[in-house]
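In: sequence first, then the predicted structure:
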Amino acid sequence: MSTSVFPPTTGSRTPRQLRAIWRRLAEPTLVRRSVLSVTVAFLLVWAVLLGYNFFNYKQAITNDPGLLKYGDALLESLTPITDPAQAAAAVAATNHWTNIRRRQIGLLPGASMHELRDSATGQVVYSPAGLQELDIPLTALQEGSALSESVVQGKPYRIYAGHNARWTLRIVDNKRTDADYLAYNGRYLVPYLLLAAPFVLLPVWLSVRNGLRPLQQLANLIARRDKDDLQPVGFHARHRELKPLEQSLDHLLAQLRQKVERERAFVQDAAHEIRTPLAVITAQAHVMARSPSEEERTQAQAHLEQAIARTSHLAQQLLDLAALDDAQRPAPRDLDVAQWLRGALAQAAPQAIARQIELSLDAPDTLPARLDQPAFESIAHNLIDNALRYTPDGGNVAVTLRRGGAALQLSVQDDGPGIPATEQQRVFERFYRGTGHAANGSGLGLAIVRQAVLRMGGQVQMGAGLNGRGVGFFVSIPLPHSA
């Protein structure tokens, strides 16, 4: 049994293979784009040359008409001839020779018709067949010669008329229309462009293909990389045009590495932080289920509810932080920030009243702005919650809202214990809780504030609290000019 060594012919290919081949051929390529651009340039050159020739042609027939010179020369050559028969023979021979040359050249349409008359009597000495049928009136000349145009039977003609003391000569030519001129010269230029095309397109194709080879090498290098490899490309581009691309790819990979490392650390920290409240929930649930003492079960229930609340708060802050890290940002909304902030403080008021904390707001009656509402809500809620959480009973929390120029200014100050100078640089880190605060929060509130402020293009600073005590957080958010 023998097998064929020849590849399958096109006729044996399946429709699916043919569609794949067609898609590949129809796929845009830079080489094809470059060659097509040169082809378009050829067409533009052809159009420019044609226009230039047409312009020169119009200038020539206007300023230096060849028919006028030809007629004057023929009329002058007939001046020595006095015999009508000789003159008729000369004009007939000239008429015949002229039309032979017209047919050989194939440039001008129709035929040239020469008519000779006796200037004294006006008698026709020679007239070709067909001229009388046109019935073109003889132009009256006082002296010299002239050109004129006439439309007879729907066709344009150019007419030379000249006379001297002995002869009157008239030459009638079919006028060459602009369309005829453009069509002829357009065809005339095409062979030259076709002859030059291979010598231009082939070098362009080769140069573009050779110029794109380093780019193809870069693409192959990236394609061979492992999906988890985020190290620099390592291409070492030698060409100036490829260096920005390599630098951009390395910068992008560096950002991805940082993001992956940040997310990995975030997941590890989140797993560590959520393990403690889950352990508490498990232990207290076990106590509630197994303990025979009512007092122990009541105490376990209280600890269980506290652990559930802490877990819920932690989970919500994790979701908020993940939403702020998302590259998809919501469209800015129109919001009365002052009225919204009053509502937020009203929600926090029961917690402040329960601990006898004075919660105050200094803001205008109304302050409309166009901003990223979810991000702003995260900033305000977490700053207020942070202040209430760490301010001792009977303390003070002051919230101030202003619009300064093109920025929204928000500050939250308290008179609590403050933050030691050694810890102030780390308060915005994720899961960082200062000394003595381990049981009070998740360590995510201020990290959420910083991330939200950065997403809105603003800045947050930490400073002194009320009356030089406690701590204050000052947020500045740029607003659009239309806000």
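Out: Here it is on my side, so go on. All values derive from a computational prediction rather than experimental measurement. Residues are numbered from 1 along each chain as shown.

In: for the stretch 101-250 of the chain, which segments count as helices?
Out: Ranges of helices within the stretch 101-250 of the chain are 131-134, 178-211, 213-223, 243-290, based on DSSP state H, counting those that start in this stretch.

In: nearest to Thr29, of those?
Out: helix 178-211 (9.5 Å; CB to CB). Where you see a C-beta, it was placed from the backbone N, CA and C, and this is true even at glycine.

In: and the closest one, what's buried?
Out: Using 16 or more other CB atoms under 10 Å as the test for burial, helix 178-211 gives Tyr181, Asn185, Leu189, Leu201, Val204, Val208.

In: wait, which of these is closest to Asn386?
Out: Ranked by distance to Asn386 (CB to CB), the buried residues of helix 178-211 are led by Val208 at 60.6 Å.

In: ok, now how distant is that closest one from Arg455?
Out: Distance of Val208 to Arg455, given as CB to CB, to the nearest Å: 43 Å.

In: and what of Gln216?
Out: Gln216 sits 39 Å away from Arg455, going by CB to CB.

In: those two: which is more packed in?
Out: Neighbour count, other CB atoms under 10 Å: between Gln216 and Arg455, Arg455 has more, with 19 against 10.

In: so the more buried one makes contact with Leu371?
Out: No - applying CB atoms under 8 Å as the test, Arg455 and Leu371 come out as separate, 10.8 Å apart.

In: still on that earlier bit, distance to Gln123 and mean pLDDT for the helices of the stretch 101-250 of the chain - can I get that in JSON lines?
Out: What follows is the helices of the stretch 101-250 of the chain, written out as JSON lines (distance: least, CB to CB, whole Å; pLDDT from 0 to 100):
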{"stretch": "helix 131-134", "distance to Gln123": "14", "mean pLDDT": "74"}
{"stretch": "helix 178-211", "distance to Gln123": "36", "mean pLDDT": "79"}
{"stretch": "helix 213-223", "distance to Gln123": "84", "mean pLDDT": "81"}
{"stretch": "helix 243-290", "distance to Gln123": "88", "mean pLDDT": "75"}
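
In: burial measure for Asn164, as a count.
Out: Other residues near Asn164 number 16, with proximity taken as other CB under 10 Å.

In: and the pLDDT for it?
Out: At Asn164 the predicted local confidence, pLDDT, stands at 86.

In: and it, what is it in contact with?
Out: Contacts here follow CB atoms under 8 Å, 6 or more residues apart in numbering; on that basis Asn164 touches Leu75, Glu76, Thr79, Ser119.

In: still on that earlier bit, among the buried residues of helix 178-211, give me the pair with the biggest separation.
Out: Maximum pairwise distance among the buried residues of helix 178-211 (CB to CB): 37.3 Å, between Tyr181 and Val208.

In: returning to what we had before: could I get the helices of the stretch 101-250 of the chain as JSON lines with distance to Gly463?
Out: Listed next are those as JSON lines, based on distance: least, CB to CB, whole Å:
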{"stretch": "helix 131-134", "distance to Gly463": "104"}
{"stretch": "helix 178-211", "distance to Gly463": "58"}
{"stretch": "helix 213-223", "distance to Gly463": "48"}
{"stretch": "helix 243-290", "distance to Gly463": "27"}
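
In: and of these, who's closest to Ala26?
Out: Nearest to Ala26, of the helices of the stretch 101-250 of the chain and by CB to CB, is helix 178-211 at 18.4 Å.

In: next, the angle helix 213-223 makes with that closest one.
Out: On the basis of axes from the mean of the first three to the mean of the last three CA atoms, to 10 degrees, helix 178-211 is oriented at 50 degrees to helix 213-223.

In: which secondary structure elements does helix 178-211 contact?
Out: If you count contacts as 3 or more CB pairs under 8 Å, 6 or more residues apart in numbering; DSSP states H and E, helix 178-211 packs onto helix 30-63.

In: residues of the helix it packs on that come out buried?
Out: Ser34, Val35, Phe42, Leu49, Leu50, Asn53, Ile61.

In: could you give the angle of that helix to helix 213-223?
Out: With the same axes, to 10 degrees as the basis, helix 30-63 and helix 213-223 are set at 150 degrees to each other.

In: now for whichever helix or strand comes after helix 30-63, which elements pack on it?
Out: Scanning forward in sequence from helix 30-63 by DSSP states H and E, the next helix or strand is helix 66-77. On a contact count with 3+ CB pairs under 8 Å, 6+ apart, helix 66-77 meets helix 84-105, strand 145-152, strand 155-163, strand 167-174.

In: quick one: helix 66-77 to chain centroid distance?
Out: For helix 66-77, the separation from the chain centroid amounts to 64 Å (computed by CA atoms, centre = their mean, to the nearest Å).

In: returning to that earlier point: would you list the contacts of Asn164 in a markdown table and tack on distance to Leu388 and pLDDT?
Out: Converted to a markdown table, the contacts of Asn164 look like this (distance: CB to CB, whole Å; pLDDT from 0 to 100):
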| residue | distance to Leu388 | pLDDT |
| --- | --- | --- |
| Leu75 | 116 | 88 |
| Glu76 | 117 | 89 |
| Thr79 | 122 | 88 |
| Ser119 | 122 | 85 |
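
In: much appreciated, bye for now.
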